[in-house]
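Enquirer: sequence first, predicted model second:
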Amino acid sequence: MKTSVAAMALALVLSLCLSLSFASRDVEEVGWRRGEEGRERWDEGRSSSEGGRPYHFGEESFREWTHSRHGQFKVLERFDHELLRGSVGDYRVACLDAAPRAFLQPSHYDADEVFYVKEGEGVLVVLRKGKRESFCVREGDVMVIPAGSIVYSANTHSSKWLRVVMLLNPVSTPGRFEEFFPVGGENPESFFSAFSDEVLQAAFNTRREEVVRVFERQSKGEISQASEEQIRELSRSCSRGGRGGGGGGSGSSSEEIKPTSLPSQKPRYSNNHGRLHMITGNECRHLRDLDMEVGIANITRGSMIAPKYSTRATKIAVVVEGSGYFEMACPHKSGSGRSSERRGEHGREEEGEEKKSRGYKQVRAQIKEGSVIVLPAGHPATFVAGNEGNLAVVCFGVGASNDEEVFLAGGNSLLKQLDTPAKTLLFGEQEREAADRVIGAQTESAFLRGPQQQRRGGGGGVSDM
Amino acid sequence: MKTSVAAMALALVLSLCLSLSFASRDVEEVGWRRGEEGRERWDEGRSSSEGGRPYHFGEESFREWTHSRHGQFKVLERFDHELLRGSVGDYRVACLDAAPRAFLQPSHYDADEVFYVKEGEGVLVVLRKGKRESFCVREGDVMVIPAGSIVYSANTHSSKWLRVVMLLNPVSTPGRFEEFFPVGGENPESFFSAFSDEVLQAAFNTRREEVVRVFERQSKGEISQASEEQIRELSRSCSRGGRGGGGGGSGSSSEEIKPTSLPSQKPRYSNNHGRLHMITGNECRHLRDLDMEVGIANITRGSMIAPKYSTRATKIAVVVEGSGYFEMACPHKSGSGRSSERRGEHGREEEGEEKKSRGYKQVRAQIKEGSVIVLPAGHPATFVAGNEGNLAVVCFGVGASNDEEVFLAGGNSLLKQLDTPAKTLLFGEQEREAADRVIGAQTESAFLRGPQQQRRGGGGGVSDM
Amino acid sequence: MKTSVAAMALALVLSLCLSLSFASRDVEEVGWRRGEEGRERWDEGRSSSEGGRPYHFGEESFREWTHSRHGQFKVLERFDHELLRGSVGDYRVACLDAAPRAFLQPSHYDADEVFYVKEGEGVLVVLRKGKRESFCVREGDVMVIPAGSIVYSANTHSSKWLRVVMLLNPVSTPGRFEEFFPVGGENPESFFSAFSDEVLQAAFNTRREEVVRVFERQSKGEISQASEEQIRELSRSCSRGGRGGGGGGSGSSSEEIKPTSLPSQKPRYSNNHGRLHMITGNECRHLRDLDMEVGIANITRGSMIAPKYSTRATKIAVVVEGSGYFEMACPHKSGSGRSSERRGEHGREEEGEEKKSRGYKQVRAQIKEGSVIVLPAGHPATFVAGNEGNLAVVCFGVGASNDEEVFLAGGNSLLKQLDTPAKTLLFGEQEREAADRVIGAQTESAFLRGPQQQRRGGGGGVSDM
C-alpha cells in the first residue's frame, strides 16, 4: 500500500517532469515534426530516402492565410530547421491564386517581395514614392516589389486563373511578415481600426462616423471580383515599364521597378533536354540590392539536369509545372560509421555540431507542382522530369553575389579539369583510361537524357563507349 | 497519514519542477516581465492597450551604470523580445546627464555611438587614429563616434546640465557593449589593473608602484567636477569641425567626424503644427556606414503627426521634450478570431509563427521625456502632443538605406494615389464620393491639428466638408 | 518507514528534475565545459586566471576529422559561447598537417577558406570557373580559396611536413561546413554514392558498374602518398600567380586568386623585439569581400607586444611557433562588487546582460604552438614570448573594415594624446608630472622588452627615469 502511494507520487512526478521536457521540444521541433508527417506522403519508402526532409516541403507545409471562391493566399512554414535557419531562415515562400477577374485589395507588406507569374495575366498597381504605377504582368514575368509599397491587383483574364509564386524578405522581423490593409471590414480589418476615434477624426479632419464608414465597413473581403468593365478600366493605363531600368543601373536602387520576362532572357543553357533562364543582379538592380537571383529550369519530359551545386547561393526551388523527383547528396545526414560513433561519444551537441561525415546520405523526394526544395550551397543535386510532361522549376537564389554553378557530369563538368598526374594518383595507371572514358562519355551539357530515356533508348549513350 | 506523505512528496515535486520551468522563463522573459510591471504605470487600462509593450519602454526600463551628484549614465534594457530582437536587438539606447562643469573620464566603448545633445553644451575630446580632436557640442547636435575611440568630455556650462541621448551599435557582441577606462581607482577601475605587475612594469618601462599610482589610484570617479579655469582650458581648442566632411563623401569612412546641428537642417516637413529635421547617410558618411539616420520631430502642443509608416527602417524613438501619447497598429498582437483558432489548432509555435492576422490591435501608451518607443518598419503609427507643451521626439532609424516615409492621411497621403476604378471597386459607386471626401478633407500635411484642438476648434475642419 | 517511502520518492524526483536541467545545460554549455577540462591544463591556477576561457582554446579543443600516417585534418570546436557567438560564431578554425609527398584528394567545402602556410611547401590545384590553376605555396603564404572551389594538393617536399592553419567562413550554415569528395571509396565516400544508380548511369551516359568502379572504389583514403615522379608532374605547371590581382582591384571579386607571402609584406611595425606583417582588403580583393585581414606577429624571445586593442575587428589568433602567455582585460568577467550585487538582485539574466562592470578581470593563459585565442574588439590585450624562443602568432581579423590598432603603452600610445587640462583633471597638479613620466618612459613602440628581460636587464629602462 505504501508503495502504491510512492507509485502515485512517482507517476505524477514523471508526468510533470516529462511534460516540461516535451514543452520545450514542441517549441524547437514543431516545424521538423510537422514536416515529417506531411512529407511522409511524398516518401517513396526507399531506405535511403526520408521524403527529402528537412530540404523538401510538400503542399501540406503551406498555411492558408486567406481563402475564398475568388482565390487564396498561402504561406510556407518557416525554414526553422537548424540546417536551414542560417541560410534561408529569414525568408518566406508564398503562393497566390486568383480566380478570373479577381480583385485584390490594396495592402502593403513589411517585406520585399520577389514574385514569378506562374500562370495567367494580370494588372498590378503599385503606390510608392508618392506616385502610382500600373504594370501588366503575364506568365513568366519576374518582378520585385520593395517593402512598404501599397499594391492592388487584378486577374485581367475572364476565364483563366492567375497564379503567382513569391519569395518574401521580411524587413522588420527575420522570417516573419505581415500584411497591412488600409481599407477593410470584418476580414480583413482596416489597420485604421487600431487607431482611436479621436485620432482618426483629427487625422482625416472628418467626423468619426464618416471615416469608419469609408475605411472599416467594406466587407468585399480580401479577394473580390471585378466586372469586365472595371478590369478594362484598371488595365487601361498599365505598362510593361519599358523605360530603361534594370541593367543600366544608376547605383541608386530608388530607380523604377518593372516586370521582366524570364523566358525571354537569353537561355544560359539550352538543348532539347531543357533550358535554363536567369535574371541576376546584373539585369535587375533591385535583385542586386537583395543579393538574389531568379531562374527557371524547364526540363523536357523524362530528361534531367546534370548533377551540380552552387558555390555560394542557397537555392529555394519551387516546382511550377509537371512532376518528377530530385536527389541531393547531404553529408549532414550521413549515417556513416565514424560520424555515428562520434555521436555516441559526445552526445547531442556532437550530433548537431561535430557530425563530420566522410559519407553522404541521399536526400530524395518525389516532387510535383507546388513542391518546395531547398538546395544549400555546395550540395550536389539533380532534378529528373517525370514521363508525363515537362518539369519546370523556379529557383530563387539567396546570397547570390559571386555565385557560380558547378556541373559534375556532362560536357561542362568541372571534373574534366582534373590533370593527368591527379588522375593517375586518384585512379591509378590502369584505371585512368576507364576514368577518362566515364568522365568523357556524356557529351550533352547541363540538361541530359534522363534515366528512363536511357533504358528505353537502349543506352544509345552507353554504346558510344 | 499516508496520503499526507504522498502530499508532502508531491508538494516538493511541484515546487522542484516549477522552479525549473520558471528558472528558464526568467532567462527569456525578464525583459518582458520587468517591462510589464513598470510600463503598467503608463497604461491607461483601456482594454485595447497593454501599455504599449513590447514596443514602449518607460523610465523604469533603464539601468543606472553610474550615478553621482555630478551626473549619471543609464542604459535601456536589451531589445530582447522576439518581435524586436531581429530588427533592433543588436542596438542599445543610453542616456547621459552631466551636472554643470562635470568632467567625464576618458574611456572607449566596443560600440559605435550616435548621440544627440538634448540639452546644454559641452566639449568633447576624441582620441583616434593617433591624434586628438576637440569638438564643441550644443543642444541639437548629432555626432557619430566610431567604436574604440577614446573620449573624454565636460559640461562647459556653469549652471545648466548637459543631457545626451545615444544609440550604441556594439561591434564585438550584438546587443552588448562595455566601457573601458585607462585611468581609474576604486570605481571605475583602470583596465590596466587586469594586467599582471610584470607586464605593466615592462609595458611602461617603469617601476610597478609608479604605474599603479598613476593609473589605478585616481578616485575622482567616473564623473567628477572641473573648475571654471579647467573648463576654459579644455574648451580652448575646441572646434565645430567645420572642415568639409559629411556629404562630399570620399568613399572612405576614415574621414573626419564632427557634430552636425539637427535643427539647422532644412526641415523635411514644416507647418504650424510641427516640423521634422533629418540627418541621413547623404549628410553624414559615418551614418551611411552604419545604415542609420537620425531625425527629430517637433510637434506643437496639442498637434499630431499624420499616421504613417517607414518602408524599411525600424525607428527607435526617444522623447526628449514634453509629453503626449502614441498609437500604432500591430498585426502581431491581434486577438482576431481566425488567428486565435489557429493558435488553438497548432499550439505555441503557431502563436509565435503563424499568427497571420487579418485584424490589428492597438498599441498605445502615454509618453513623456525619457520614454523610448520602437516603431517597426511597415507599422502605421502616430504621435500626439499633450496640451502642456510641445512634444519633441528623436528618432534613430536603423536599416535606413532606401527607406521612405509613407503618410496615410493628409495632403501627402499615399492613399490619394488610388485611381478611380480601384476606389469604385473598394467603396462602390455610391460610397466613392464619401471616400473622396474623407481622403481629401485633411488639407494639412505631415503635422496636423490634434484631437483636442479639433474638439475645441469646433471641428472647423469638419465644416470644411 | 513511511518517511523512507517519501524519501525514495523525493530522491527519484530530484534525479529526474536535475537530469532535465542538466540535459539542457549539455546542449548549451558543452563547448564551455569541454573547454574547461581541457584548458585547465593550461591554467596557472592564479586566482585571477581561469585558463583564459572562454577566449582561449588549447589543443584538446580540436577534433580530428581525418587522420592517417600521411597526415591529419583537425577542426576547432565552434565558438558557441554567448560572448563569442555574435562576433566569431559563424567561423571555424582548422589545421592540416601533411606528411612528405602526401597527396590530398580533390574536394570542395561549402565555406570560403583563408589559409596560412605555417611550415613546408606544396602545390595546390584549384578548379573553379571552369578552369584549372596550380599554385606553388610555401611557408608564410596566405591564400583565399572561394567556397565551392574543387581543390587538390600535395606536399612537394620529400622529407619536411607541410602544415597549414585556416579560417573557414561557411556559406550555407553559419558555423558549420562540410567537405565534398567527388572521388572516394570506403572513407571518404564519393558524394556520387548518394545518387541512385539510374541517375548516375544517365548523368555519365555510362554503365552503372563503370561509374561506381571509377568514383566509388578508390580506397587510397583522403590523404595518400605520391611518388617523387608524381610530385614533379603535379608541380610542373604551378605558378606563384604573378599576374597582378590583389591591390589593383577591378571591383569584381571574380578576379584571380593567388598566394601572397605575409613575411615579405613591408612590416607595419618592426624593431629588435618583434615585427608585424599584415595583408588587408587593400592588398587582397578576396579578403575585402570577406571583410577580413590576416597578420602575423613575430615576437622575439622574452619580448612582448605593447598592450593594445582593435577598434572594430575581432581577432582570432593562432600560435604557429614558440610559446609564452597572453593577458587580456575583460569587463564581462568582472567579479566587482556592484555587478555581483546586480546579479544578486535580478538573477541570471543580469549576469549575462546587465553585468555593467566598472572593474575588469584578467584573462590569462599559457599559450604554445596550436593555441587559439579570440580577442574581441575593444578589449586591451598583450602577448609575451617565452624565453625558449620566438613567439609567432597568426591573427585572422574578422569585421576588419575601418579597423584600427590602438596601442596603450610605448612610443605610439594613444594616451600620449591626452592634453594638459585633461591630465591635470585626471591626475591632479602634483601627480601630473609623474603621469607624464610614466606615459613617456617607454620609448620603444609596438614591440617591447619583456618582463623577464626587464628583471634580467636590471631595469635599464627603469633607470631611464
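Expert: Cool, the structure landed. What you see is a predicted model, and the numbers here were worked out from it, not measured in a lab. Numbers count the residues shown, from 1 in each chain, chains lettered A, B, ... in the order given.

Enquirer: so what touches whichever strand or helix holds A:I296?
Expert: Applying DSSP states H and E as the criterion places A:I296 in strand A:292-299. Identification of contacts with strand A:292-299 by Cβ atoms under 8 Å, 6 or more residues apart in numbering or on different chains yields A:114, A:116, A:140, A:142, A:167, A:169, A:262-263, A:268, A:273-281, A:287, A:305, A:313, A:320, A:322, A:324, A:383-385, A:390-398, A:400, A:403, A:447. All C-beta spots, glycine's among them, are computed from the backbone N, C-alpha and C.

Enquirer: kindly recompute the last result at 6 Å.
Expert: A:142, A:262, A:274-280, A:385, A:390-398, A:400 (Cβ atoms under 6 Å, 6 or more residues apart in numbering or on different chains).

Enquirer: which strands border that strand, and is each parallel or antiparallel?
Expert: Sheet pairing of strand A:292-299 (DSSP bridges) gives strand A:274-279 (antiparallel), strand A:391-398 (antiparallel).

Enquirer: hmm, which of the contacts of strand A:292-299 are the buried ones?
Expert: Among those, the ones that count as buried by 16 or more other Cβ atoms under 10 Å in any protein chain shown are A:142, A:262, A:274-280, A:385, A:390-398, A:400.

Enquirer: how about stretch A:429-439: buried residues?
Expert: Residues of stretch A:429-439 classed as buried: A:431-432, A:434-436, A:438-439 (neighbour count, 16+ other Cβ under 10 Å).

Enquirer: got CSV for those, with pLDDT and distance to chain B too?
Expert: CSV is the format used below for the buried residues of stretch A:429-439 (pLDDT from 0 to 100; distance: Cβ to the nearest Cβ, whole Å):
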residue, pLDDT, distance to chain B
A:E431, 89, 52
A:R432, 93, 52
A:A434, 94, 52
A:A435, 95, 49
A:D436, 96, 51
A:V438, 96, 47
A:I439, 96, 46
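
Enquirer: check the gap between A:F383 and chain C for me.
Expert: 10 Å (Cβ to the nearest Cβ, to the nearest Å).

Enquirer: who does that residue form a beta bridge with?
Expert: When assigned by DSSP bridges, A:F383 has beta-bridge partners A:F326.

Enquirer: so which of the buried residues of stretch A:429-439 comes closest to C:F195?
Expert: Of all the buried residues of stretch A:429-439, C:F195 sits closest to A:V438, with 13.9 Å by Cβ to Cβ.

Enquirer: and that closest one, that one's in a helix?
Expert: Yes - under DSSP: H, G, I helix; E, B strand; the rest coil, A:V438 sits within a helix.

Enquirer: does it touch C:N205 like I think?
Expert: No - the pair A:V438 / C:N205 is not scored as a contact, 9.1 Å apart, by Cβ atoms under 6 Å.

Enquirer: show me the contacts for A:T280.
Expert: A:E293.

Enquirer: I should have written A:F447 there, sorry.
Expert: A:271, A:273-274, A:303.

Enquirer: quick one: low-confidence ranges for the stretch 251-400 of chain A?
Expert: Residues of the stretch 251-400 of chain A meeting the criterion pLDDT under 70: A:251-255, A:332-358.

Enquirer: and the strands in it?
Expert: A:260-261, A:269-271, A:274-279, A:292-299, A:304-305, A:308-310, A:314-321, A:323-330, A:361-368, A:372-375, A:381-385, A:391-398 (DSSP state E, counting those that start in this stretch).

Enquirer: what pairs with the first one, parallel or antiparallel?
Expert: By that I understand strand A:260-261. strand A:141-145 (antiparallel).

Enquirer: now the partner strand: buried residues?
Expert: A:141-145.

Enquirer: which helices and strands does the helix or strand just after that strand pack with?
Expert: Per DSSP H and E, the first helix or strand lying C-terminal to strand A:141-145 is strand A:150-155. On a contact count with 3 or more Cβ pairs under 6 Å, 6 or more residues apart in numbering or on different chains; DSSP states H and E, strand A:150-155 meets strand A:102-109, strand A:121-128.

Enquirer: now the angle between strand A:141-145 and strand A:150-155, please.
Expert: Counting by axes from the mean of the first three to the mean of the last three Cα atoms, to 10 degrees, strand A:150-155 lies at 160 degrees to strand A:141-145.

Enquirer: which non-adjacent residue is nearest the closest residue to chain C within the stretch 201-350 of chain A?
Expert: Of all residues in the stretch 201-350 of chain A, the one sitting closest to chain C is A:T311 (2.7 Å; Cβ to the nearest Cβ). Closest residue in space to A:T311, ignoring its immediate chain neighbours: C:G148 at 2.7 Å, by Cβ to Cβ, 6 or more residues apart in numbering or on different chains.

Enquirer: ok, that neighbour - contacts?
Expert: By Cβ under 6 Å, 6+ apart, the contact set of C:G148 is A:311, A:378, C:108.

Enquirer: now the buried members of those.
Expert: The neighbour count (16+ other Cβ under 10 Å) marks A:311, A:378, C:108 as buried among these.

Enquirer: for these, give me a markdown table that also has distance to A:T420.
Expert: Converted to a markdown table, these look like this (distance: Cβ to Cβ, whole Å):
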| residue | distance to A:T420 |
| --- | --- |
| A:T311 | 25 |
| A:G378 | 27 |
| C:H108 | 21 |
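
Enquirer: re the thing from before, among the contacts of C:G148, which one lies nearest to A:H81?
Expert: Checking the contacts of C:G148 one by one against A:H81 (Cβ to Cβ), the nearest turns out to be A:G378, at 17.3 Å.

Enquirer: show me the contacts for the closest one.
Expert: Here A:G378 is in contact with A:309, C:110, C:148, C:172 (Cβ under 6 Å, 6+ apart).

Enquirer: related to what we said a few turns ago, how near is the residue nearest to A:T311 to chain B?
Expert: C:G148 is 28 Å from chain B, by Cβ to the nearest Cβ.

Enquirer: do you know the pLDDT at that residue?
Expert: C:G148 is assigned a pLDDT of 98 by the prediction.

Enquirer: separation between it and A:E229?
Expert: In this view, C:G148 and A:E229 are 55 Å apart by Cβ to Cβ, to the nearest Å.

Enquirer: show me where the stretch 51-200 of chain A has its strands.
Expert: A:56-57, A:62-68, A:71-76, A:92-98, A:102-109, A:111-119, A:121-128, A:131-138, A:141-145, A:150-155, A:162-170, A:179-180.

Enquirer: could you export these as TSV, including distance to C:V214?
Expert: Listed next are the strands of the stretch 51-200 of chain A as TSV, based on distance: least, Cβ to Cβ, whole Å:
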stretch	distance to C:V214
strand A:56-57	30
strand A:62-68	42
strand A:71-76	40
strand A:92-98	39
strand A:102-109	51
strand A:111-119	39
strand A:121-128	50
strand A:131-138	47
strand A:141-145	40
strand A:150-155	53
strand A:162-170	39
strand A:179-180	54
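
Enquirer: ranking these by burial, who's on top?
Expert: Ranked by mean neighbour count, the strands of the stretch 51-200 of chain A are led by strand A:56-57 with a mean of 27 (mean count of other Cβ atoms under 10 Å in any protein chain shown).

Enquirer: now that one, how far from the centre of its chain.
Expert: Taking Cα atoms, centre = their mean, to the nearest Å, one finds the center of strand A:56-57 at 10 Å from the center of the full chain.

Enquirer: what is the mean pLDDT for it?
Expert: So the average pLDDT for strand A:56-57 ends up being 96.

Enquirer: for it, which strands pair with it and how are they oriented?
Expert: According to DSSP bridges, strand A:56-57 forms sheet pairs with strand A:372-375 (antiparallel).

Enquirer: which outside residues touch the strand it pairs with?
Expert: Residues outside strand A:372-375 that contact it (Cβ under 6 Å, 6+ apart) are A:55-57, A:76, A:84, A:88, A:93, A:315-318, A:326, A:381.

Enquirer: good, we can wrap up now.
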